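Student: need coordinates for the below:
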Amino acid sequence: MADDESLIPRLGRQRQQRIRPAKRYLSRVLAAANLARGGAGKAARKSRFTGSRIGRGAGIGRLLASRDGYRGAGRRRVIVKASIVRLAGKGSSAAAAHLRYLQRDGTTREGERGALYGRDSDAIDGPAFNRRLAGDRHQFRFIVSPEDGHQYEDLKPLARRLMARMEEDLGSELDWVAVDHFNTGHPHTHIVVRGKDATGADLVIARDYLTVGIRERATELVELDLGPRTEREVAQALRAEIGQERLTSIDRMLLRSADINRIVSSDHARAVDQSLRAGRLGKLERLGLATSIGAGRFRLAPDLADTLQRMGERGDIIRTMQREFSGRDMPPAAAEQAIYDPALPEARSLVGRVAAHGLADEHADHHYLIVDAVDGRSHYVAIGRGQEVASGLAPGAIVRIEPARAEVRDVDRTIARIAAANDGRYDIDAHLSQDPRATEAFAEAHVRRLEALRRKARLVERDASGRWTIPADHLERVEACEKAQLRDRPVSLAILSTQPLEKLVHAEAATWIDRELVSGSPEPLRTAGFGREVGTAQAQRRQWLVAQGFAEDGVDGPAFPRGMLAALQRRELLRVAAQFSAELNLPFVELADGEAVEGICRRSVDMVSGRFTLVERARDFALVPWRPVLERQLGKTVAGIMREDGISWSIGRRREGPSIS
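Tutor: This is a model prediction of the structure:
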C-alpha cells in the first residue's frame, strides 16, 4: 500500500459467530403475551390470555390457589362470594340503596336493624362512606359465610382480621365497611370495599386472589379459632343430610359413583359410609327418586339433581314465608299461601299489595316479594334482579306482576324485515320508505328497541350517521337474549300505586281504585284477604266520588262520566304544580294534545295519579307523564309531543341529526 488513497476494502465472508438479529417489536409483544398466559410451546399456544396475573395480590393468589385442590374432610368451610360493581351512571345511587338495604331491620340476632362497622369503629356513618364513593369507578362486594358461623358470638373480630390479612396481601390499606347478618340459617358478613387503593388509584385485585385467595385466608382464620373439624363433627353433619329434601353432599357422592345406567350400590368399604349411603338411598326411594333393583343396588332418577335442588328451593321459600308471617297479626294457617311460578303455561297476572320484600340470593342480588293478592292468597314472587325497583316499594304499595316470556317481539321482526331489504341496515328513512303507512313516531319506537338491545346485550351497532347494522341472524340472537334475561327478570313488575289502599279512598287524584271502577275488565275480587279489603275500599270510593261531584248516583249505582279520570288527575297535578312553582319561582304550563315540549328533564315526581316528569323550560315548567326511557336523560335536554295517552319522546337520533334528548 503506497499511501492511504490506494486502500480498497474488500468484504469477505464473516468468520466470527453469527449474531441473531434483534427481535421486531411485534415479536417481543407476542412473546410477552405468551409468557403471561403460562409459558411457550404448542400447549401454551392453545391456551388464551386470562389476565389472572394482573392486579394486586397476583403472587399470593396463585400460591393460595395451588392449595385449593386440598379439601380434607377436617377442613372448616367458608363460602366467600365476591362481585365487582361498576359505579358509572346510576351505580352510585344503586350503591347507596344497597348499603341501606344491608342495614335493614331484622338482620341482627335480636331482630333489630343492622349496623355498619369498620376497622376501628362499631358505628360507621353510611352517607359519609357513600360520599367517599363519588368519582370511584367501581367497588367490591364480599359475602363471607363460615359454615360454622353459628359458633361465633360476634363476627366482627373475624371480619376485621380478614380485612387486615387482605391489606397485607394486597400491599395497600383498604377503605371498607361491613355489616353482619343473622337472619338466615348461616350467619354471614357483608363487606363493601372502595375501588381505590391507599394512593387514590383504581384498586385492581388479581382474579386468583378474588376467586380463591380470600376464601383460603378466611378458612385459615376460622380454623385458628375453632380448630379442624373432628371426625365426629364430620359424621354428625353427614348424618343430618340423610333425611333432608334437598341436594346434599351424599347425593353428589352417589352421582359420582353411579355407572352409565345410573345404578349405584349402597355397599362401601367403610361402615360409616355404607350406613350413610344406605340411609340416603332409602330416603330417595321414598321420594320416588331412586328404585331398588335388589342386592343393595338402586337406579337413580335421571333428574335427581334438578328435582332435589327445586325441592330445596321450595323448602327455603316456605320457611321464608313462615318467617314473614310470624311478624304479622295473622298466623300462617289463617291465610292461604302460594308460590307464583311464571314459567307455568297457565301463569296469569297477579295484582296485590306488597307485604314483604327481601333477598332470595344475596350474592346474585335476586329479590323476592310477598304479595297479598286480590284472589285472597299470599304469594311468594321471585322478581330476580330487582333492587332498584323493589327497594322503592314500601309495604302497602299495590303492584301488578306478569310472567315474562322469552319471545321475539313484532318490533324485532319488523326491524329484521326492513334490514334484510336494505343490505342489513336499518334507519327511520328506510322504515318509512319500506312501509308508507308507518308514521315517524312509530319508526322511532323501533329505534328505542334497538337502543335497548345495544345497551343490554350489544346485539346491534349504530354508526355515526345513525344507521343500525342488523346481523342476518338477528331474530335468533334476540330470542337467545330474551331467554338469558329470564334468569334475572322472570317477571315484569308495574307499580299501580305507591300509596296504601286506605289512603286511596279519599285521595283527590286519579287512583288505582278509580281505574278499576271504570275498567271494562276489572280484576276479579275474592271475598277473602286483600280481595275483601279492595271490595270495601271500592264501595267507600264510590260514595266519595258521588259526594265530590265526580260521579252521579243512578238507579243501578254510581255512573262515572267519561272525563272523570282526567279531572281527578288534573286536580292533583295543579296542586303539586303549585308547590313546585313556589320552589322553582317559575309558572306552571299545562300542555294540550299535540303540543310540543322541549326543556331540561329535571326529576321524576311520584304522585297518586302516577309518575310524572318535571321538564324545566326557559320561562316555565311542565309536568308530563314519565317513561322509563327518561331514566338516563335526567339533567339533559329532552323533546317530545303530547299525546292523548301520554307523551311521545324523541330519544336517540332523529332524521335531521342528533336528537336533543
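Student: contact partners for the residue nearest the centre of the chain?
Tutor: For the chain, the residue nearest the mean C-alpha position is Arg385 (2.6 Å; C-alpha atoms, centre = their mean). Residues near Arg385 by C-beta atoms under 8 Å, 6 or more residues apart in numbering: 364-367, 488-489. C-betas here are computed from N, CA, C, even on glycine.
Student: with distance to Ile191 and neighbour count added, can I get these in TSV?
Tutor: Below are those laid out as TSV (distance: C-beta to C-beta, whole Å; neighbours: other C-beta atoms under 10 Å):
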residue	distance to Ile191	neighbour count
Ala364	17	14
Asp365	15	19
His366	20	18
His367	20	23
Asp488	23	14
Arg489	27	15
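Student: out of these, which sit inside strands?
Tutor: If you go by DSSP state E, these have 366-367 in strands.
Student: in CSV: the contacts of Arg385, plus pLDDT and distance to Val447.
Tutor: Output for the contacts of Arg385, formatted as CSV (pLDDT from 0 to 100; distance: C-beta to C-beta, whole Å):
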residue, pLDDT, distance to Val447
Ala364, 69, 32
Asp365, 72, 30
His366, 80, 32
His367, 83, 31
Asp488, 79, 25
Arg489, 83, 22
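Student: now the strands for the stretch 201-350 of the chain?
Tutor: With DSSP state E, counting those that start in this stretch as the criterion, the stretch 201-350 of the chain has strands at 263-265, 290-294, 297-300, 336-340, 350-361.
Student: quick one: contacts of the last one?
Tutor: Among residues not part of strand 350-361, those counted as contacts by C-beta under 8 Å, 6+ apart are 101, 316, 320, 324, 328, 340, 365-375, 378-379, 381-382, 390-391, 393-402, 496, 500-501, 523, 530.
Student: quick check: angle from that strand to strand 336-340?
Tutor: Put simply, strand 350-361 runs at 70 degrees to strand 336-340, going by axes from the mean of the first three to the mean of the last three C-alpha atoms, to 10 degrees.
Student: partner strands of strand 350-361, with direction?
Tutor: Sheet pairing for strand 350-361, assigned by DSSP bridges, gives strand 366-373 (antiparallel), strand 398-403 (antiparallel).
Student: which helix or strand lies directly C-terminal to the first one?
Tutor: Helices and strands here follow DSSP states H and E; after strand 366-373, the next one along the chain is strand 377-384.
Student: pull up the pairing partners for that following strand, direction included.
Tutor: Here, using DSSP bridges, strand 377-384 pairs with strand 336-340 (parallel), strand 366-373 (antiparallel).
Student: and among those strands, the most buried is which?
Tutor: Mean neighbour count, computed with mean count of other C-beta atoms under 10 Å, is highest for strand 366-373 among those, reaching a mean of 24.
Student: related to what we said a few turns ago, need the pLDDT of the residue nearest to the centre of the chain.
Tutor: On the pLDDT scale, Arg385 is placed at 75.
Student: what of Glu516?
Tutor: In the predicted model, Glu516 carries a pLDDT score of 91.
Student: against Trp544, how distant is it?
Tutor: Glu516 is 15 Å from Trp544, where distance means C-beta to C-beta, to the nearest Å.
Student: more crowded one of these two?
Tutor: Glu516 (19 against 15; other C-beta atoms under 10 Å).
Student: where are the low-confidence patches of this protein?
Tutor: Filtered on pLDDT under 70, the chain yields the residue ranges 1-53, 68-74, 88-92, 269, 327-335, 362-364, 386-392, 644-646, 650-661.
Student: outline the domain layout of it.
Tutor: Residue ranges for the domains of the chain, per automatic domain parsing: 58-226, 232-302, 307-403, 410-488, 499-561, 566-658.
Student: how far does the second one sit from its chain's centre?
Tutor: Right, the one you point to is domain 232-302. Domain 232-302 has its C-alpha centroid displaced from the chain centroid by 36 Å (C-alpha atoms, centre = their mean, to the nearest Å).
Student: remind me, longest helix of this protein?
Tutor: Secondary structure assigned by DSSP state H gives helix 304-326 as the longest helix of the chain.
Student: quick one: that helix to strand 290-294, angle?
Tutor: Going by the same axes, to 10 degrees, helix 304-326 makes 140 degrees with strand 290-294.
Student: helix 304-326 packs against which elements?
Tutor: Identification of packing neighbours for helix 304-326 by 3 or more C-beta pairs under 8 Å, 6 or more residues apart in numbering; DSSP states H and E yields helix 249-257, strand 336-340, strand 350-361, strand 366-373, strand 377-384.
Student: what packs against the first one?
Tutor: By that I understand helix 249-257. Using 3+ C-beta pairs under 8 Å, 6+ apart, helix 249-257 is in contact with helix 231-241, strand 263-265, helix 271-286, helix 304-326.
Student: and the strands in the stretch 51-200 of the chain?
Tutor: Under DSSP E, counting those that start in this stretch, the stretch 51-200 of the chain gives strands at 78-86, 138-146, 176-181, 188-194.
Student: okay, the strands of the stretch 201-350 of the chain in JSON lines with distance to Val85 next?
Tutor: Below are those laid out as JSON lines (distance: least, C-beta to C-beta, whole Å):
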{"stretch": "strand 263-265", "distance to Val85": "43"}
{"stretch": "strand 290-294", "distance to Val85": "43"}
{"stretch": "strand 297-300", "distance to Val85": "40"}
{"stretch": "strand 336-340", "distance to Val85": "28"}
{"stretch": "strand 350-361", "distance to Val85": "15"}
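Student: pretty sure Val80 sits against Val212.
Tutor: No. Between Val80 and Val212 there is no contact under C-beta atoms under 8 Å: 9.0 Å.
Student: one step back: dump the helices and strands packed on helix 249-257 to TSV, plus mean neighbour count and distance to Ser465.
Tutor: TSV is the format used below for those (neighbours: other C-beta atoms under 10 Å; distance: least, C-beta to C-beta, whole Å):
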stretch	mean neighbour count	distance to Ser465
helix 231-241	14	62
strand 263-265	18	64
helix 271-286	17	63
helix 304-326	16	49
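Student: and Asp429, how many residues sit next to it?
Tutor: Residues lying near Asp429 (other C-beta under 10 Å) number 14.
Student: can you pull out the strands in the stretch 401-550 of the chain?
Tutor: 425-426, 461-462, 468-469, 491-497.
Student: so what strands line up beside the second one?
Tutor: If I follow you right, that is strand 461-462. Here, using DSSP bridges, strand 461-462 pairs with strand 468-469 (antiparallel).
Student: try the longest one
Tutor: As defined by DSSP bridges, the strand partners of strand 491-497 come to strand 398-403 (antiparallel).
Student: residues in contact with the strand it pairs with?
Tutor: Contacts for strand 398-403 (C-beta under 8 Å, 6+ apart): 340, 342-343, 347-354, 369, 371, 381, 383, 393, 490-497, 500-501, 512.
Student: among those, name the buried ones.
Tutor: Buried by 16 or more other C-beta atoms under 10 Å: 340, 342, 350-354, 369, 371, 381, 383, 393, 490-491, 493, 495-497, 501, 512, out of the contacts of strand 398-403.
Student: Glu479 reaches Arg409, doesn't it?
Tutor: No. Taking contacts as C-beta under 8 Å, Glu479 lies outside contact range of Arg409: 10.2 Å.
Student: all helices of the stretch 501-650 of the chain, in order?
Tutor: For the stretch 501-650 of the chain, the helices defined by DSSP state H, counting those that start in this stretch cover 501-504, 512-518, 529-547, 564-584.
Student: distance to Glu173 for those helices - can I get that in TSV?
Tutor: As requested, the helices of the stretch 501-650 of the chain are exported to TSV (distance: least, C-beta to C-beta, whole Å):
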stretch	distance to Glu173
helix 501-504	49
helix 512-518	52
helix 529-547	52
helix 564-584	43
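Student: what's the most buried one of these?
Tutor: Comparing those by mean count of other C-beta under 10 Å gives helix 512-518 as most buried, with a mean of 19.
Student: what packs against it?
Tutor: helix 501-504, helix 529-547, helix 564-584.
Student: can you put these in a markdown table and add distance to Ile250?
Tutor: What follows is the helices and strands packed on helix 512-518, written out as a markdown table (distance: least, C-beta to C-beta, whole Å):
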| stretch | distance to Ile250 |
| --- | --- |
| helix 501-504 | 49 |
| helix 529-547 | 41 |
| helix 564-584 | 61 |
